[in-house]
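> could you look at this predicted model? Sequence included:
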Amino acid sequence: MTLPARPLFEEPLPPGRARLLPWASVLAGSLATTLPWNASLGLLPPLGLLMMLSWRLLAPLSLRVWAPALLGLFDDLVSGQPLGSATLLWTLAFFLVEALEARSGVRDFAQSWAIAAVAIALALAGGRLFASPLSAYVDGVLVIQIILSVLLFPAAARLVAWIDLKRAR
């Protein structure tokens, strides 16, 4: 597949801005969860995590190995989760993707989706352990949030692929 030609006289993105796009999209995903959605339950998927995993699975060199810690810290600050929870869980999810990718080698989108599903489920379950006591009855809501997040991953991956295509032009 060849990239469509850039229109005549259109300047490519400078390298600094091209490197900034993955970070900006993950930060925007984290900020999107702070918008006043009309929901009485915490069912909104962690969009920042979905964007970070999409970048890692579709464009592995776009984010450095240390990026999830800083992106998770930002998510902790804007989401109200206990400080350090997303920092740890996003970094562990990133390393899980690294380990599974190292073992699998070549993969298709279904395998990437399965890898992301495992990482999403573990990050959300870990977040539940950080944020609420074990006696709280939030497991049903957590399962629904995991399912919604896994089902929303292809849309996040499509958005990341579109941003990456624009970044490459």
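Cool, the structure landed. Numbering: from 1, shown residues only.
> mind listing what's buried along the top helix by length along the chain?
Ranked by number of residues, the top helix in the chain under DSSP state H is helix 139-168. For helix 139-168, a neighbour-count test (16 or more other Cβ atoms under 10 Å) marks 142, 145-146, 149-150, 152-153, 156-157, 159-160, 163-164, 167 as buried. C-beta: built from backbone N, CA, C; applies to glycine.
> what is it packed up against?
Packed against helix 139-168, as judged by 3 or more Cβ pairs under 8 Å, 6 or more residues apart in numbering; DSSP states H and E, are the following elements: helix 15-32, helix 47-58, helix 109-131.
> distance from that helix to the middle of the chain?
Between the mean C-alpha location of helix 139-168 and the chain-wide mean there is a distance of 7 Å, by Cα atoms, centre = their mean, to the nearest Å.
> relative to helix 47-58, how tilted is that helix?
50 degrees (axes from the mean of the first three to the mean of the last three Cα atoms, to 10 degrees).
> what angle sits between helix 139-168 and helix 15-32?
Angle between the axes of helix 139-168 and helix 15-32 is 160 degrees (criterion: the same axes, to 10 degrees).
> what is the mean pLDDT for helix 139-168?
Over the span of helix 139-168, the pLDDT mean works out to 92.
> got the buried residues of helix 139-168 as CSV, with distance to Leu96 columns?
Compiled in CSV, the buried residues of helix 139-168 are given as follows (distance: Cβ to Cβ, whole Å):
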residue, distance to Leu96
Leu142, 19
Gln145, 19
Ile146, 15
Ser149, 15
Val150, 15
Leu152, 19
Phe153, 15
Ala156, 17
Ala157, 17
Leu159, 22
Val160, 18
Ile163, 23
Asp164, 22
Arg167, 25
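> pick the one among those residues closest to Ala117.
Distances from Ala117 to those, taken as Cβ to Cβ, are shortest for Val150 (4.5 Å).
> look up how far Val26 lies from the closest residue to that closest one other than its chain neighbours.
Nearest non-adjacent residue to Val150, counting by Cβ to Cβ, 6 or more residues apart in numbering: Ala117, 4.5 Å away. Taking Cβ to Cβ, to the nearest Å as the measure, Ala117 falls 19 Å from Val26.
> among the helices and strands packed on helix 139-168, which is nearest Leu77?
helix 15-32 (8.9 Å).
> quick one: residues in contact with that closest one.
Taking Cβ atoms under 8 Å, 6 or more residues apart in numbering as the criterion, the residues outside helix 15-32 that touch it are 12-13, 46-52, 55, 59, 62-63, 67, 71, 74-75, 78-79, 156, 159-160, 163-164, 166-167.
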